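**Q** Provide a 3D model corresponding to the input given below.
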Amino acid sequence: MQIIITRPHLSALQTKSELDNLGFDTIIAPMLEILELGFDKNISLAEYDLIIFSSQEAAKIFVSYYDCSNIEIYAVGDKSKIILLENNCKSVTSISGNIQNLKSVLKEKFQGKKILYPCGEDISDDFSDANLNIKLLKIYKAEYINKFDLNVIDVLKNKDQKLVIFLSRRTAKNFINLMDKYGYVANIKDITAICLSDRIKDRISELNWHELIVADRPDFPAVIDVLNKKVFK
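**A** Numbering: from 1, shown residues only. Just a heads-up that it's a prediction; the model follows:
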């Protein structure tokens, strides 16, 4: 059973390698393209008590311009932590789950502290309701990709059962848009969709999926747990 990975290209390649090594049959179909924005590259990090990251993309871009070796960092997910440690960041704490879990930790530990938040142009939460001293620094945008590659089309056209992984609502939305554009909406009945959260599931639940599953936790190991149950059952 083939697994369609919809993450942005570089992240999709990493995910493909991880899943292939576990014995899965994967194909990448990026739904978003990451484009770096013009942003201030002369910020004094000494003015901040903490940097936070909620995406791997933001972490990759930011550390390519800034030396973060002497500042505390909190990041959502172990993958972001690995990226940061590989770029000489010394004090990195990984928060399991999603941005809501990060917000809870910040409200508990960092009230009154000055926090820098490098992020994407379209973020799911700007922390405006958390009573925290956070400066947003938008450093990238994610644009919709407007076509499927030919090898992905071949997979979507056949009647074999397949799985698709959705880690964000925008990714799921664009996948549905492209299925409609190519006239493949009827083929959704052959696809099991694995979603990282209920919010993603709700975005696509009106369609006739073979099965629609939400991972038990909002992290990628929980997605792998679902894959193991569905593919190697």
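**Q** Surely residue 3 and residue 20 touch.
**A** No - using C-beta atoms under 8 Å, residue 3 is not in contact with residue 20; the gap is 9.7 Å. Any C-beta I mention is one placed from the backbone N, CA and C, and that applies to glycine too.
**Q** so what sits against both of the two?
**A** Taking C-beta atoms under 8 Å, 6 or more residues apart in numbering as the criterion, residue 3 and residue 20 both touch residue 26.
**Q** Neighbour count for the two, which is higher?
**A** Applying other C-beta atoms under 10 Å to residue 3 and residue 20 shows that residue 3 carries more neighbours, namely 23 against 12.
**Q** could you dump the helix or strand hosting the more buried one to PDB, C-alpha only?
**A** Using DSSP states H and E, the element containing residue 3 is strand 2-5. C-alpha atoms of strand 2-5 as PDB (Å, rounded to 0.1, in the frame of the first residue of the first chain):
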ATOM      1  CA  GLN A   2       1.500   3.300  -1.100                       C
ATOM      2  CA  ILE A   3       1.700   6.200   1.300                       C
ATOM      3  CA  ILE A   4       1.500   9.800  -0.100                       C
ATOM      4  CA  ILE A   5       3.600  12.300   1.800                       C
END
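**Q** Report the central residue of this protein.
**A** The residue lying closest to the centre of the chain (C-alpha atoms, centre = their mean) is residue 167, at 5.2 Å.
**Q** Name the SS class of residue 92, please.
**A** strand (DSSP: H, G, I helix; E, B strand; the rest coil).
**Q** what's the answer for residue 147, then?
**A** Residue 147 ends up coil, using three-state DSSP.
**Q** Please report the distance of it from residue 17.
**A** Remark: distance between residue 147 and residue 17 (C-beta to C-beta, to the nearest Å) = 24 Å.
**Q** Quick one: residues contacting the residue nearest to the centre of the chain.
**A** Contacts of residue 167 (C-beta under 8 Å, 6+ apart): 6-7, 196, 200, 220, 223.
**Q** export these to CSV and tack on secondary structure and neighbour count?
**A** CSV is the format used below for the contacts of residue 167 (DSSP: H, G, I helix; E, B strand; the rest coil; neighbours: other C-beta atoms under 10 Å):
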residue, secondary structure, neighbour count
6, coil, 23
7, coil, 25
196, coil, 23
200, helix, 24
220, helix, 19
223, helix, 23
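**Q** tell me the least confident of the residues you listed?
**A** Lowest model confidence among those falls on residue 220, which carries 90.
**Q** how near is it to residue 194?
**A** 11 Å.
**Q** for residue 32, same thing?
**A** Taking C-beta to C-beta, one finds residue 32 at 18 Å from residue 194.
**Q** What's the local residue count around residue 70?
**A** By other C-beta under 10 Å, neighbour count at residue 70 equals 11.
**Q** what helix or strand does it sit in?
**A** With DSSP H and E as the test, residue 70 turns up in no helix or strand.
**Q** May I have the phi/psi pair for it?
**A** Taking degrees, to the nearest 10, you get phi -120, psi 30 for the backbone angles of residue 70.
**Q** tell me the contacts of it?
**A** Counting by C-beta under 8 Å, 6+ apart, residue 70 has contacts 45, 90.
**Q** and it, what pLDDT?
**A** pLDDT, read off for residue 70, is 95.
**Q** Check residue 127 too.
**A** So residue 127 comes in at 83 (pLDDT).
**Q** for it, helix, strand, or coil?
**A** Classified using three-state DSSP, residue 127 is coil.
**Q** That one touches residue 117, doesn't it?
**A** Yes - Residue 127 is within contact range of residue 117, at 7.1 Å (criterion: C-beta under 8 Å).
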